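J.: A predicted structure for the sequence below; I have some questions about it.
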Amino acid sequence: MAENKQLNFITAPHAHDVLSGRGNLVNRHRGNVNFRSLVKKYKEEYVACPKSHKSMYSKLIYDEIRSLDPAGRFLKQDPNTKLWSDIGKKTALAKIRQALREGAPELLRDLQTSEQSRLNASTSSEGKFARAANFGDNATDNSTSIEPCNEPKKSL
């Protein structure tokens with residue numbers, strides 16, 4: 001099956017499929033539970049990454065779902081026929097990016113706060129002279145930075 005070929009008229013999604021829509025059926029579907037766990041797994045790295053690396057995460061999640069056996073698909077149900085159709089790679093990647101962005105500002109704030117707390121704890125225990133020796137002229141610099149990622153950590 002070609003990667004860009006969209007499937008239509010699917011009567012029953014399987015356990016690896018990710019369903020678009022709202023409600024308990026979609027929320028509790030095994031493929032959606034797996035999808036949310038993948039998003040959660042990569043979200044912290046995604047949030048901490050520079051913008052130029054963010055697309056790697058949506059592609060990684062897409063590829064992980066597609067590599068399942070049977071391959072996971074991203075499906076949407078037609079409200080009239082009740083049949084499912086593949087939404088295509090472009091729309092699936094947009095759905096993944098949206099899921100990764102949900103709650104990102106709060107997560108980034110939490111990451112920065114915990115990093116700042118860690119820095120404050122380590123600098124307060126070292127003392128002023130030790131900080132000056134360790135950090136040179138920037139002994140009073142308590143700025144928080146989250147290390148940018150190079151490559152997403154792919155699961156095995």
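T.: Alright, I've got the coordinates.

J.: Low-confidence ranges, the protein, go.
T.: 1-7, 111-112, 115-116, 118, 122-156 (pLDDT under 70).

J.: Spell out the residue ranges of the strands in it.
T.: 18-19, 74-77, 84-86 (DSSP state E).

J.: Turn those strands into JSON lines, including distance to Ala104 and mean neighbour count.
T.: In this view, the C-beta of every residue, glycine as well, is placed from N, C-alpha and C. Shown next, in JSON lines, are the strands of the chain (distance: least, CB to CB, whole Å; neighbours: other CB atoms under 10 Å):
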{"stretch": "strand 18-19", "distance to Ala104": "20", "mean neighbour count": "24"}
{"stretch": "strand 74-77", "distance to Ala104": "21", "mean neighbour count": "20"}
{"stretch": "strand 84-86", "distance to Ala104": "27", "mean neighbour count": "19"}
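
J.: The ones you listed into a markdown table, with extra columns for distance to His53?
T.: Putting the strands of the chain into a markdown table (distance: least, CB to CB, whole Å) gives the following:
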| stretch | distance to His53 |
| --- | --- |
| strand 18-19 | 23 |
| strand 74-77 | 23 |
| strand 84-86 | 27 |
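
J.: How are the helices of the chain distributed by residue range?
T.: 24-28, 30-48, 54-66, 89-101, 104-126, 128-135 (DSSP state H).

J.: For Asn80, which of those is the nearest?
T.: helix 24-28 (16.9 Å; CB to CB).
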